[in-house]
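Chemist: Got a predicted structure plus its sequence, pasted below:
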Amino acid sequence: MKIVHYPHPALRCQAKQISAIDKKIKLQIGEMFDLMYEAKGLGLAATQVALPFQLLVMNVSGDPDKKEHEFVYINPTLVERKGTMDGEEGCLSFPGLFQKVRRAKTVKIHAYNLLGEKVEVVASDLASRAWQHEIDHLNGVLFVDKLGIIGKLASRGALKELEEEFKFAQQRGEIPPETEIKALIDSLLSES
């Protein structure tokens, strides 16, 4: 398992809801936390590791020693947004790219925890930004899609670089061709 970078097709995947929490999913969650901390992130969506499932891990403190801030959410849905805030945002799938993004200041989310219990979360400020960012990932929406015209212009060079790196990695055989990636995602979607 590894964090995929733009323009990997998994990042545009509409993730499928999870109907059962099994040992395999629990192992994947552990790996996702490890990758998130290694990359110094606050959250990680399953689509960012090429798993097309409605699953995300989060620790808004960013500190792996603060286990009390670790959360796993399954099938999250954003049910309410209030206010707005502008702030710089980055993404583990876009290393080195940071841009100003407008988000709701406070959000209410419904999701399921690892015990299969429905939970309601109200989050504001940084936690709200993280929630919106990760739920967007599960719907195939990327933070660069949210940029204004100036942000899009300022990001063009970085995006082009990521696209070129992706193509070179495919040419070197480090990343399979798009047809193989899509076939793998489709097979994961059909088996669950």
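Modeler: Sure thing, it's come through. Numbering: from 1, shown residues only.
Chemist: Which of the helices and strands in this structure ranks last by mean pLDDT?
Modeler: Here the helix or strand of the chain ranked lowest by mean pLDDT, DSSP states H and E is helix 178-191, holding a mean of 86.
Chemist: What are the contacting residues of that helix?
Modeler: Helix 178-191 is contacted from outside by 8-10, 13, 16, 50-53, 175-176, using Cβ atoms under 8 Å, 6 or more residues apart in numbering. In this view, the C-beta of every residue, glycine as well, is placed from N, C-alpha and C.
Chemist: Let's have those in CSV, adding distance to residue 154.
Modeler: Listed next are the contacts of helix 178-191 as CSV, based on distance: Cβ to Cβ, whole Å:
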residue, distance to residue 154
8, 22
9, 25
10, 25
13, 27
16, 34
50, 28
51, 31
52, 31
53, 33
175, 27
176, 31
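Chemist: At which residues are the helices of the protein located?
Modeler: All helices of the chain, identified by DSSP state H, fall at 23-38, 125-138, 149-171, 178-191.
Chemist: Of these, which stretch is the most buried?
Modeler: Among the helices of the chain, ranked by average contacts under mean count of other Cβ atoms under 10 Å, first place goes to helix 125-138 (a mean of 22).
Chemist: hang on, the earlier thing: ok, of the contacts of helix 178-191, which come out buried?
Modeler: Among the contacts of helix 178-191, the ones that count as buried by 16 or more other Cβ atoms under 10 Å are 8-10, 13, 16, 50-53, 175.
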